[in-house]
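# what would the 3D arrangement of this be:
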Amino acid sequence: RVLDTSKKTMGVLGKIVSVLLCLAGIGLSYYALTVERKGEAAKQLGEEYEALCDIDSTTSTGQFAAFVKSIIGEFSISCTSVFSSEYGKGFGLLQKVVGDDSILVQPNSIYGLMFYPAALLAAVTDANSLFFAMAVTSCLGSLYLGYILYFVLQDVCVVCFSTYAVNIGLLICSSCTGPSGGKKEKRQ
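Just a heads-up that it's a prediction; the model follows:
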């Protein structure tokens with residue numbers, strides 16, 4: 001009985017953490033979309049746009065930038081450049097399949113704004129197998145985009161790293177209950 005109570009507590013705690021992670025994913029996706037849209041608008045006006053997540057040690061005067069610069073030297077962190085890269089839409093893949101003008105080719109943040117509410121719904125409705133599959137898929141996407149970020153774009157993106165952390169958290173939460181929700185399925 002103690003074990004059953006412990007499993008129930010973990011299930012409730014896992015659900016709460018999953019909900020919080022999905023809400024964080026929605027917030028991060030919305031912020032990413034806002035940064036991208038503001039960056040595009042500034043570009044059309046011939047202006048520069050610097051988001052809160054853009055930190056350059058040569059121009060930033062904040063204490064955080066000074067602290068990091070004292071440890072690692074000159075650095076540049078730019079989520080704006082990452083979001084505006086060819087990989088910021090359609091994961092850099094869809095446009096190669098359906099063309100740049102397809103309605104399917106959207107900013108990656110739009111996919112996040114669709115994914116995280118769906119994951120939230122799967123988590124709270126005990127669709128554990130679906131939630132687990134979504135968490136695995138999001139982590140595979142994070143691995144792909146992390147590779148692109150580090151090896152191809154050679155940039156650092158605080159919003160991207162935060163999203164990867166959310167996805168890893170969702171995988172951990174979905175793994176705690178397992179695809180069957182911790183229930184033993186009856187074999188016939």
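
# and the host helix or strand of residue 111, how far out from the chain middle?
Assigned by DSSP states H and E, residue 111 belongs to helix 108-124. Helix 108-124 has its average C-alpha position 10 Å from the chain's average C-alpha position, going by Cα atoms, centre = their mean, to the nearest Å.

# pull out the buried residues from the following helix or strand past that helix.
The helix or strand immediately downstream of helix 108-124 is helix 128-147, counting by DSSP H and E. Of the residues in helix 128-147, 128, 130-132, 134-136, 138-139, 141-142, 145-146 count as buried by neighbour count, 16 or more other Cβ atoms under 10 Å. (Each C-beta comes from the backbone N, C-alpha and C, glycine too.)

# for the residue nearest the centre of the chain, give its distance to residue 11.
By Cα atoms, centre = their mean, the mean C-alpha position of the chain lies nearest to residue 163, the distance being 2.6 Å. To residue 11, residue 163 is 25 Å away according to Cβ to Cβ, to the nearest Å.

# repeat that for residue 112.
Residue 112 sits 26 Å away from residue 11, going by Cβ to Cβ.

# which one's more surrounded, the two?
residue 112 (23 against 17; other Cβ atoms under 10 Å).

# is it true that that one touches residue 25?
Yes: Residue 112 lies in contact with residue 25 (Cβ atoms under 8 Å); the separation is 6.2 Å.

# what's the overlap in contacts for these two?
Taking Cβ atoms under 8 Å, 6 or more residues apart in numbering as the contact rule, residue 112 and residue 25 both touch residue 163.

# element containing the closest residue to residue 176 other than its chain neighbours, please.
Ranked by Cβ to Cβ, 6 or more residues apart in numbering and with sequence neighbours excluded, the top spatial neighbour of residue 176 is residue 14, at 4.8 Å. In this structure, residue 14 sits in helix 2-44 according to DSSP H and E.

# other SSEs contacting that helix?
helix 79-83, helix 108-124, helix 158-177 (3 or more Cβ pairs under 8 Å, 6 or more residues apart in numbering; DSSP states H and E).

# looking at those, which is buried most?
Here the criterion is mean neighbour count by mean count of other Cβ atoms under 10 Å, and of the helices and strands packed on helix 2-44 the winner is helix 79-83, at a mean of 23.

# remind me what it packs against, helices and strands.
Helix 79-83 sits against helix 2-44, helix 158-177, with contacts defined as 3+ Cβ pairs under 8 Å, 6+ apart.
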